[in-house]
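Asker: have a look at this prediction, sequence included:
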Protein chains: 2
Amino acid sequence: MPKKNMQPLNLVDGLFQLSFLLHYTLARIATGHDLSIIQVRLLGILRDREPGMLELARHLELEKSSLSGLVDRAEQRGLVERIPSPGDRRGTRIRVTAQGRRLSGVVEAEVTASVSTLITVLSKSDRDRLTSLVSRIMAASNGTKDG
Amino acid sequence: MPKKNMQPLNLVDGLFQLSFLLHYTLARIATGHDLSIIQVRLLGILRDREPGMLELARHLELEKSSLSGLVDRAEQRGLVERIPSPGDRRGTRIRVTAQGRRLSGVVEAEVTASVSTLITVLSKSDRDRLTSLVSRIMAASNGTKDG
DNA sequence: TATTGTTATACTCTATAACTATA
DNA sequence: TATAGTTATAGAGTATAACAATA
């Protein structure tokens, strides 16, 4: 069957199509492990950090009250744990557990495999070109971002 | 201030960074009009269609029961309307209202403007290259998709 | 007083299961 | 019986506002 709309009308549309494709890929894989995208991101951030709730909220761009429930559910599943913050008895640090780290690793591997397959349609040199173009957009966007 | 991580480690990471950036751009603009991403998508689909509930659920990849509430809320805001399906008294067609179409247009214009600004960091010929690369990925993914 | 975090409350989004009305 | 759609129910995710404990 011949395909319709082999190329997007323009770059903006194409980028959004790709964005949604990646988003749904991540959502599908996360759901396969009873996780949401936000839970995957939570575990990802904790890979090399042991932040407090406020810092975590900033990373995820969530209100601190939203984070309480998010961490509650992850903690109940044994994926993260709350530990006292040294030197400030108000504070709580969030730490990923071994189980959480394992699960996060599995999800990341599946996601990487899935997207890697997707981009094999491009030659190595085309992938390098794409990497460069995407990097330049992201670098410019970081310079633009407020806060 | 010197920027850290000027380029992503690899293409997969870069694509996900870009994907999240676009997702949050859309979410931010939608929120500015008291809309969610799914409501924006709903209005977008109705731009050139007058589908039944089941067809709409398929487009949005939602259960039909999820769609009832979604359409309820959009209808209460006057963005869409339910009309009887001609020839099948069980069926309902969903139609975007003039107000819904107007709002959808405003959101789309803002999103396009925002992303267009983002990609001005690339030259015209680089944007053309990026368009081609993205198109090829999407074309391959359409061929891969199941049913 | 200011900061860190939780709780109470309300709403959107989503799914599963049961239901109604029509075919 | 099968199909189109709604309703009942439950749970995740999110925000705002009020609160408690500590600084």
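Answerer: Received it, and whenever you're ready, just let me know what you need. Residues are numbered from 1 along each chain as shown, chains lettered A, B, ... in the order given.
Asker: next, A:Leu79: phi, psi?
Answerer: Backbone torsions of A:Leu79, given as degrees, to the nearest 10, read phi -90, psi -30.
Asker: host element of the residue nearest the centre of chain A?
Answerer: Centroid-nearest residue in chain A, with C-alpha atoms, centre = their mean: A:Arg41, separated by 4.2 Å. Using DSSP states H and E, A:Arg41 falls within helix A:37-45.
Asker: elements contacting the helix or strand just after that helix?
Answerer: Using DSSP H and E, the helix or strand that follows helix A:37-45 in sequence is helix A:53-60. Helix A:53-60 sits against helix A:37-45, helix A:64-76, strand A:92-96, with contacts defined as 3 or more C-beta pairs under 8 Å, 6 or more residues apart in numbering or on different chains; DSSP states H and E. Heads up, the C-betas are built off the backbone N, CA and C, glycines and all.
Asker: quick check: mean pLDDT of helix A:53-60?
Answerer: Per-residue pLDDT over helix A:53-60 has a mean of 98.
Asker: could you list the buried residues of stretch A:115-134?
Answerer: A:115, A:118-119, A:121-122, A:126-127, A:129-131, A:133-134 (16 or more other C-beta atoms under 10 Å in any protein chain shown).
Asker: mind listing which of those are in strands?
Answerer: Judged by DSSP state E, the buried residues of stretch A:115-134 include no members of strands.
Asker: ok, of those, which one's closest to DNA strand D?
Answerer: Distance to DNA strand D, by C-beta to the nearest atom of the strand, is smallest for A:Val115 among the buried residues of stretch A:115-134, at 21.4 Å.
Asker: pretty sure that closest one sits against B:Leu15.
Answerer: Yes: with contact defined as C-beta atoms under 8 Å, A:Val115 and B:Leu15 form a contacting pair (6.6 Å).
Asker: find the residues that touch each one of those two.
Answerer: Contact criterion C-beta atoms under 8 Å, 6 or more residues apart in numbering or on different chains; residues shared by A:Val115 and B:Leu15: A:Leu22.
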